[in-house]
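**Student:** Requesting a structural model of the entry that follows:
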Amino acid sequence: MALHTTLRTTPLFHAPSSSSSRAIISPGVTHKVFINASTFKGLSLGIEPKKELGRRCCCSSSRAKVSMAANAEKGVVKKEVFESEEDLAVSLAKYTAQLSDKFGKERGAFSVVLSGGSLINSLRKLLEPPYIDSIEWSKWHIFWVDERVVPKDHEDSNYKLAYDGFLSKVPILPGHVYAINDALSAEGAAEDYETCLKHLVKSNILVTSAASGFPKFDLMLLGMGPDGHVASLFPGHPLLKENEKWVTFIKDSPKPPPERITFTFPVINSSAYIALVVNGAGKAGAVQNALGNSQNSEKLPVAMVSPEGELAWFLDTAAASKL
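**Tutor:** Residues are numbered from 1 along each chain as shown. Okay, here's the model as predicted:
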């Protein structure tokens, strides 16, 4: 597996801004699922705005001239280290915009999977010119790699985090936001979300991997915890070995809240592109375990991320300090 490493201080991309009319979802608007019992167990594809967050929804001055490629090579791992989180965020925006353009032209849709934590803040440059005006937001379809089983307006909700920091500020169509149903139990919500994904495959909104048969998302944006967990897949947990379900649930998360739903590794690793966005010294040990010469024999969940296409690590110098 090839590994490309670059240390960058400033972004390479400076595109002219363009203006276009944008219909931004109003602040305070959320998405609500229309229940269709004949199709799903509580999660449907029809999502509309609601007036309040409520119940449910479905280093040096030189620049290294290396771009995060827009064409994935199978098994390629790319690593870029940035002097600051600000530089990281700028490069991540460019990378995401390139893929949005690529998939929008190729198939008329761009499926993006979000996670929680600091990842949403790292997407903030997409809210600025040139991206806010040039990206074809109407082609985006938003999913979550995991979610906490809490109401959508709860402070622990990944949906609320993404809505407040990103979704409410871009003109993504409400019907293209596939949120997890918070009205169901952990097990029920996991089954429901998997049913939704299978429907989207049949509708050709999502494609499947020819190699694995699991859904193949265009871009999966992952963060990582200090313990090396990704999504809600934690070190030593039996769910690391789940290889049949698309979406599963956990009731004993070592990090609160305990009940969550999560994509499984076969789904994560069927992705065309995965961006692993990691910053901060507190995560350096887990980065070392995954990318360096760690003496720790335990394989952390983050080290199990191995997509069919491209894996791009976005690291600041603190996170990469033990490499």
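**Student:** Report the residue spans of the stretch 201-323 of the chain with pLDDT below the cut-off.
**Tutor:** Along the stretch 201-323 of the chain, segments meeting pLDDT under 70 span 294-297.
**Student:** Do a quick rundown of the strands in it.
**Tutor:** 207-208, 215-216, 219-222, 247-250, 260-263, 273-278, 310-316 (DSSP state E, counting those that start in this stretch).
**Student:** Out of those strands, which is closest to Ser84?
**Tutor:** Nearest of the strands of the stretch 201-323 of the chain to Ser84, taken as Cβ to Cβ: strand 310-316 at 6.4 Å. Where C-beta positions appear, they are placed from N, C-alpha and C, glycine not excepted.
**Student:** before we move on, back to that, out of the strands of the stretch 201-323 of the chain, which gets nearest to Glu147?
**Tutor:** strand 260-263 (5.6 Å).
**Student:** who does that closest one touch, helix- and strand-wise?
**Tutor:** Secondary-structure packing of strand 260-263 (3 or more Cβ pairs under 8 Å, 6 or more residues apart in numbering; DSSP states H and E): strand 146-148, helix 186-202, strand 247-250.
**Student:** For that strand, give me every contacting residue.
**Tutor:** Contacts with strand 260-263, where a contact means Cβ atoms under 8 Å, 6 or more residues apart in numbering, come from 113, 145-149, 180, 186, 189-190, 193, 231-233, 239, 246-250, 253.
**Student:** Any buried residues in it, and which?
**Tutor:** By 16 or more other Cβ atoms under 10 Å, the buried positions in strand 260-263 come out as Arg260, Ile261, Thr262, Phe263.
**Student:** Kindly report the same for stretch 237-248.
**Tutor:** Residues of stretch 237-248 classed as buried by neighbour count (16+ other Cβ under 10 Å): His237, Leu239, Leu240, Glu242, Lys245, Trp246, Val247, Thr248.
**Student:** Quick one: closest of the helices and strands packed on strand 260-263 to Ser168.
**Tutor:** Ser168 sits nearest to strand 146-148 of all those, at 17.6 Å, using Cβ to Cβ.
**Student:** Please tell me how far that closest one is from the chain's geometric centre.
**Tutor:** Remark: strand 146-148 is offset 12 Å from the chain centroid, using Cα atoms, centre = their mean, to the nearest Å.
**Student:** so what strands line up beside that strand?
**Tutor:** Strands that pair with strand 146-148, judged by DSSP bridges, come out as strand 260-263 (antiparallel).
**Student:** can you give me the helices for the protein?
**Tutor:** Taking DSSP state H as the criterion, the chain contains helices spanning 85-107, 119-122, 131-134, 158-165, 186-202, 265-268, 284-291.
**Student:** List just the one of these that sits closest to Asp218.
**Tutor:** Closest among the helices of the chain, using Cβ to Cβ: helix 85-107, at 4.7 Å.
**Student:** angle of the closest one against strand 273-278?
**Tutor:** In terms of direction (axes from the mean of the first three to the mean of the last three Cα atoms, to 10 degrees), helix 85-107 departs from strand 273-278 by 170 degrees.
**Student:** Give the buried residues for helix 85-107.
**Tutor:** For helix 85-107, the neighbour count (16+ other Cβ under 10 Å) marks 85, 87-104 as buried.
**Student:** And it, what does it pack against?
**Tutor:** Against helix 85-107 (3+ Cβ pairs under 8 Å, 6+ apart) you get strand 76-82, strand 110-114, helix 119-122, helix 131-134, strand 219-222, strand 273-278, strand 310-316.
**Student:** Quick one: closest of those to Lys198.
**Tutor:** Lys198 lies closest to strand 110-114 among those, at 14.2 Å (Cβ to Cβ).
**Student:** give the contact list for Ala97.
**Tutor:** Going by Cβ under 8 Å, 6+ apart, the list of residues near Ala97 reads Leu126, Tyr131, Ser134, Ile135.
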